[in-house]
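Undergrad: what follows is a predicted protein model with its sequence.
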Amino acid sequence: MELVIPKEIGLGYNEEMAKKNIKNRRFSNGAWVVAVDMGYGHQRTAFPLKHLAPQGKIINANSYQGIPSNDRKIWENSKKFYEFISSFKKTPFIGEAAFSFFDRFQRILPFYPKRNLSQPNFYLRQIYSLIKRGWGEDLIKKLKKEPLPLITTFFVPAFMAEVFEYPKDIFCVVCDTDIARSWAPLNPPQSRIKYFVPNSRVLERLRLYGVKKENIFLTGYPLPKENIGGLKSKVLKYDLSYRLLNLDPKKRYQKKYKPLIKEFIGDLPEKPNHLLTITFAVGGAGAQKEIGAKILKSLASKIKTEEIKVILVAGIRKEVRNYFLKHIKYLGLQRNLNKNIEIIWEKDIEDYFKKFNQALRKTDILWTKPSELSFYTALGLPIIIAPPIGSQEDFNKQWLLELGSAISQKNPRYTIQWLFDFLESGWFAEGAMQGFVEGPKLGTFNIEKIVKGEICSGYSS
């Protein structure tokens, strides 16, 4: 039976090579899924793929059991510096200057004019220097004991696997809408690392970095299956149908685009199944928690009268949870806690992801910096964009704005004014539909099919 390569997911550019790669990739025991616990981005990207891993366990390359002390030290220094510089950025004058200097080493160069960008930068050379001195060799030796395809959501473990001659396929999942040169290997034309990319811009960027055509797979970003409900997106459509009612109280969008809604979702329910809900998510380094406090203060009157629900996402950071609790008490909103004010905090990161994904089902507006959560707009979520932190987030912000599913935040002190102006205009409903229609939703399914070799026609990202 002939193997059909679906054009929609962009299995490289070389169809014959793609067919050969897929035939050689069939397996039955799953895949190693490797992340790093530096911020939430790489772990959140790995979480929807955990069902592919033995016992559903994701391996963190920087903190797995038995990691050598030298390896741990290198990772810890990187993590501490990242968290420090992310928090230090808000320090007047010197903070911004220090972050800008740091960001130069990971900045993404302008895409145009198109030119050869394969020359490795200083940061990439330093990474390879550490690897060639043994960084990561222990991890790869452990994985070699039961060689399975390797999926990593961070480029460094992919480089480690290639340098230490990992025998199976090496896949790297990209978790931003554009990427720096550091994501591609030292010598891209000679590398066998394969990339799962979320959009066509990353695909073209990797080509400029010198990555071979057949090693790039346009899959879409891996979103949680529990928020989608299968290839026909039944859960997603169900949730979006109720969300649109909250986002379009004057029915302005519904009247204008009724045929579009009917085509993509079907008939809308008669009334909402939840209170108008805004979810504000703090980044992994705990930055921007002050925005959450300003949102609470501005919306306090509507929270007290239970006209709106606010979900504050503290992740796994207890100090952020305590910060929110302090402001809830200060504003006299204690009686609303666990009713129409909710704080999402868990000790374990996987418990946090589960709770967060569940909360998104009855979230109407997601307020976040443009991190990997930018891709969650494809779940039919309009996004309010908090200030970006880092070059890659600038590009994520641009992608969201071009998609038409997000707006830059206005002054959080006056949220009660501008938020309801946007609601009454029907814009948030339009943003929700733009994210749903234009955003890639089936990345998790596409990645699973490619890794397993279960390729069939008729599905897309």
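TA: Good, I have the coordinates. Numbers count the residues shown, from 1 in each chain.
Undergrad: how far does the top strand by length along the chain sit from its chain's centre?
TA: Looking across the chain with DSSP state E, the single longest strand is strand 309-315. In terms of Cα atoms, centre = their mean, to the nearest Å, the centre of strand 309-315 is set 18 Å apart from its chain centre.
Undergrad: and it, what does it pack onto?
TA: Judged by 3 or more Cβ pairs under 8 Å, 6 or more residues apart in numbering; DSSP states H and E, strand 309-315 is in contact with strand 277-281, helix 289-304, helix 318-330, strand 341-345, helix 349-360. Every residue, glycine included, has its C-beta placed from N, CA and C.
Undergrad: next, the angle helix 318-330 makes with the fourth one.
TA: The directions of strand 341-345 and helix 318-330 differ by 170 degrees, with axes from the mean of the first three to the mean of the last three Cα atoms, to 10 degrees as the criterion.
Undergrad: which parts of strand 341-345 are buried?
TA: 341-345 (16 or more other Cβ atoms under 10 Å).
Undergrad: ok, now how distant is the residue nearest the centre of the chain from E393?
TA: For the chain, E372 is the residue whose C-alpha lies nearest the centre (Cα atoms, centre = their mean; 2.4 Å). Using Cβ to Cβ, to the nearest Å, E372 is found at 10 Å from E393.
Undergrad: which neighbours do these two share?
TA: Shared contacts of E372 and E393 (Cβ atoms under 8 Å, 6 or more residues apart in numbering): D176.
Undergrad: what is the nearest of the buried residues of strand 341-345 to A31?
TA: I344 (29.1 Å; Cβ to Cβ).
Undergrad: which residues does that closest one bridge with?
TA: Counting by DSSP bridges, I344 forms beta bridges with V313.
Undergrad: tell me the pLDDT of it.
TA: If you check I344, the pLDDT there is 98.
Undergrad: show me the contacts for it.
TA: Neighbours of I344 in contact, by Cβ under 8 Å, 6+ apart: 311-315, 352, 355-356, 359.
Undergrad: low-scoring pLDDT stretches of the protein, where are they?
TA: 1-29, 79-106, 454-461 (pLDDT under 70).
Undergrad: thought F159 was touching R125?
TA: No - counting by Cβ atoms under 8 Å, F159 sits too far from R125 to count as a contact (11.6 Å).
Undergrad: which residue packs closest to L208, ignoring adjacent ones?
TA: Leaving aside its chain neighbours, L208 sits nearest to L117 (4.5 Å; criterion: Cβ to Cβ, 6 or more residues apart in numbering).
Undergrad: give me the number of neighbouring residues for the one you found.
TA: As a burial measure, L117 scores 18 neighbours (other Cβ atoms under 10 Å).
Undergrad: I'd assumed it was in a helix, is it?
TA: No - membership of L117 in a helix is not supported by DSSP: H, G, I helix; E, B strand; the rest coil, which gives coil.
Undergrad: go through stretch 190-207 and flag the buried ones.
TA: Of the residues in stretch 190-207, those buried (16+ other Cβ under 10 Å) are 191, 193-199, 201-203, 205-207.
Undergrad: any chance of these in CSV, plus secondary structure and distance to P110?
TA: Shown next, in CSV, are these (DSSP: H, G, I helix; E, B strand; the rest coil; distance: Cβ to Cβ, whole Å):
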residue, secondary structure, distance to P110
S191, coil, 24
I193, coil, 25
K194, strand, 26
Y195, strand, 21
F196, strand, 25
V197, strand, 19
P198, coil, 20
N199, coil, 17
R201, helix, 12
V202, helix, 15
L203, helix, 17
R205, helix, 11
L206, helix, 16
R207, helix, 16
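Undergrad: can you show me the strands along the stretch 101-250 of the chain?
TA: 150-152, 170-173, 194-197, 216-218 (DSSP state E, counting those that start in this stretch).
Undergrad: out of those strands, nearest to Q288?
TA: Once the strands of the stretch 101-250 of the chain are compared by Cβ to Cβ, strand 170-173 is nearest, at 25.2 Å.
Undergrad: quick revisit: got CSV for the strands of the stretch 101-250 of the chain, with distance to A287 too?
TA: CSV is the format used below for the strands of the stretch 101-250 of the chain (distance: least, Cβ to Cβ, whole Å):
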stretch, distance to A287
strand 150-152, 25
strand 170-173, 24
strand 194-197, 27
strand 216-218, 31
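Undergrad: out of these, nearest to G292?
TA: With Cβ to Cβ, the closest approach to G292 among these belongs to strand 170-173: 29.0 Å.
Undergrad: tabulate the CA atom coordinates of that closest one in PDB.
TA: Output in PDB follows, covering the C-alpha atoms of strand 170-173 (Å, rounded to 0.1, in the frame of the first residue of the first chain):
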ATOM      1  CA  ILE A 170      16.100  12.900  17.300                       C
ATOM      2  CA  PHE A 171      13.100  15.300  17.200                       C
ATOM      3  CA  CYS A 172      13.100  18.900  18.500                       C
ATOM      4  CA  VAL A 173       9.700  20.600  19.100                       C
END
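Undergrad: starting at the chain centroid, how far to it?
TA: On Cα atoms, centre = their mean, the centre of strand 170-173 falls 15 Å from that of its chain.
Undergrad: contacts for that strand?
TA: 31, 45-46, 49, 149-155, 158, 161-162, 183, 192-196, 222, 447, 451.
Undergrad: how about a cut-off of 6 Å?
TA: Here strand 170-173 makes contact (Cβ atoms under 6 Å, 6 or more residues apart in numbering) with 45, 150-153, 155, 158, 161, 193-196.
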